[in-house]
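Student: got a structure for you, letters missing:
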DNA sequence: TTTGCTTTTTGATCTAGGTCAAAAGAAATG
DNA sequence: CATTTCTTTTGACCTAGATCAAAAAGCAAA
């Protein structure tokens, strides 16, 4: 039932595990290059706009109501966005795994008060950039505009996928969608976070996992 | 209970209804200008890439499985995307109102087989552009990249909103979200389309409307 | 204005998954 | 390592909304 550290080679993910178990983390430069063919000069300049930071477990990066000024890229670790519902319960809205941009999307892009908290779930290494600096990059390089467009449409596709999972699938099917979409995350975060992400109670998710493992 | 043609002035929507009941439809040039400050020359050139078309009611623009090559802008009328679930039932995935871009988003942007049908629900006037031409525009004007980025992030925000409505609200609350998000559409399309969009059966939606009108 | 569709409403029943409560397991803290 | 706190599991029960079936209401063609 536990995630038994299977060896995989994940191309296009941040973490690349090679057969001898050595691990390479993709840094932001490597990542940018996988999306748009930047020149070496561009890459160096663009990277210099980002700041590498260590963030420790459970640190909150954005609070509900704040206007988020920073976009993050997760090199190592993971994060999630969540909000408090009417009963004060935390509802996970999204997970951000390694090799992904992380932000309170609405707040950062529309510069409106954030509906969500953004927090880090593990000791992590991230690259951060302010809205202002990012806008400078958009002005400076049309390749950056392109990157922004591609990253947004990719995110859009993922959100639409989740929407369909949530809207028309049973609790069990939704859990399977989760295993598929976030294989790395599914066994690393508290069950309650995943349950709320999938729009079910943790009791239900616990029962699903149990019957899955019975098979 | 009927939508009683109230006079509104909707700025940033395609249809502008003035107090004397005259109606102006926003064309694509007007729309582009509301998002990014294009120059007049740019606007004229960009518009020339789009083709104005009349599409008649119930015409299908994209079929499930096809790779969608065209993006539409709705000047008049409305459209929806939907798919057939395991029981062959049509499930509405999104509505496209006046003054919005319309596409099978995943297929058009990622050039993968469409999960959805795209159809027009009323006799409509749309502007169309091919993926190739659009990419030319992205190359030619960095303002177009910007437009692409802004339109995608706006769409992303909307989809995230729907996701939250679907995931954590009761059937009645979801219907209220719909009235809010698509006020123009809510009373113009068959109840079944709306019900499936909101992830409920049409019987349930019918009962909700009934008790709402009882109050 | 009758005939034949399509859409909407109503009623009776059923069930997936929620709620509430408590026990059992893990993990952090001192 | 004992204690407190957090997380997961289990059980009993309950409801929102689904399903199934059929009647009613609209609407279009002829």
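Tutor: Okay, I see it. Predicted model only: the values in this text are computed from it and were never measured.
Student: Flag every residue of chain A that's near chain B.
Tutor: Taking Cβ under 8 Å from any Cβ of the partner chain as the contact definition, chain A meets chain B at A:85, A:91, A:93, A:105-106, A:109-110, A:138, A:142, A:145-146, A:148-149, A:152-157, A:159-160, A:162-164, A:166-168, A:199. Every C-beta, even on glycine, is put in place using the N, C-alpha and C of the backbone.
Student: hmm, the longest helix seen in chain A touching DNA strand C?
Tutor: Selection of the longest helix in chain A by residue count, based on DSSP state H, yields helix A:142-168. No. In terms of Cβ under 7 Å from any atom of the strand, no part of helix A:142-168 sits within range of DNA strand C; the closest distance is 10.3 Å.
Student: what's that helix packed up against?
Tutor: With contacts defined as 3 or more Cβ pairs under 8 Å, 6 or more residues apart in numbering or on different chains; DSSP states H and E, the packing partners of helix A:142-168 are helix A:28-35, helix A:131-140, helix A:171-181, strand B:90-96, helix B:105-110, helix B:142-168.
Student: hmm, who's touching the second one?
Tutor: So that's helix A:131-140. With Cβ atoms under 8 Å, 6 or more residues apart in numbering or on different chains as the contact definition, helix A:131-140 has outside contacts at A:46, A:49, A:69-71, A:108, A:111, A:129, A:144-145, A:148, B:146, B:149.
Student: Same check on the first one?
Tutor: Here helix A:28-35 makes contact (Cβ under 8 Å, 6+ apart) with A:12, A:14, A:38, A:43-44, A:46-47, A:50, A:73, A:75, A:99, A:127, A:147, A:150-151.
Student: Show me these that map onto helices.
Tutor: With helices taken from DSSP H, the overlap with these comprises A:43-44, A:46-47, A:147, A:150-151.
Student: just the buried members of those?
Tutor: Burial of the ones in helices among the contacts of helix A:28-35 was assessed by neighbour count (16 or more other Cβ atoms under 10 Å in any protein chain shown); the buried members are A:43, A:46, A:147, A:150-151.
Student: quick check, nearest of those to DNA strand D?
Tutor: Lowest distance from DNA strand D to these (Cβ to the nearest atom of the strand) belongs to residue A:151, with 30.7 Å.
Student: thought that closest one was touching residue A:103?
Tutor: No. Counting by Cβ atoms under 8 Å, residue A:151 stays clear of residue A:103, with 10.7 Å between them.
Student: for residue A:117, what are its contacts?
Tutor: Taking Cβ under 8 Å, 6+ apart, we find residue A:117 in contact with A:60, A:62-64, A:81-84, A:90, A:104.
Student: Ok, residue A:112 next?
Tutor: For residue A:112, counting by Cβ under 8 Å, 6+ apart, the contacting residues are A:67, A:106.
Student: where's it relative to DNA strand D, distance?
Tutor: When distance is defined by Cβ to the nearest atom of the strand, to the nearest Å, residue A:112 is 28 Å away from DNA strand D.
Student: can you tell if stretch A:49-65 touches DNA strand D?
Tutor: No. For a cut-off given as Cβ under 7 Å from any atom of the strand, stretch A:49-65 has no contacts with DNA strand D; the smallest distance is 9.3 Å.
Student: Nearest residue to whatever residue of chain A ends up closest to chain B in space, ignoring adjacent ones along the chain?
Tutor: Taking Cβ to the nearest Cβ, chain B has its nearest neighbour within chain A at residue A:145, 3.3 Å off. Using Cβ to Cβ, 6 or more residues apart in numbering or on different chains and skipping residues adjacent in sequence, the residue nearest residue A:145 is residue B:145, 3.3 Å away.
Student: and residue A:203, what is it in contact with?
Tutor: Under the criterion of Cβ under 8 Å, 6+ apart, residue A:203 has no neighbours.
Student: Quick check: mean pLDDT of the helix or strand containing it?
Tutor: With secondary structure defined by DSSP states H and E, residue A:203 is part of helix A:202-214. Average pLDDT, helix A:202-214: 88.
Student: Please apply the same query to stretch A:32-42.
Tutor: Taken as a whole, stretch A:32-42 has a mean pLDDT of 95.
Student: Could you pull out the buried residues of that stretch?
Tutor: Using 16+ other Cβ under 10 Å as the test for burial, stretch A:32-42 gives A:32, A:36, A:38, A:42.
Student: I'd say the second one and residue A:143 touch.
Tutor: In other words, residue A:36. Yes. Checked against Cβ under 8 Å, the pair residue A:36 and residue A:143 is within contact range at 5.2 Å.
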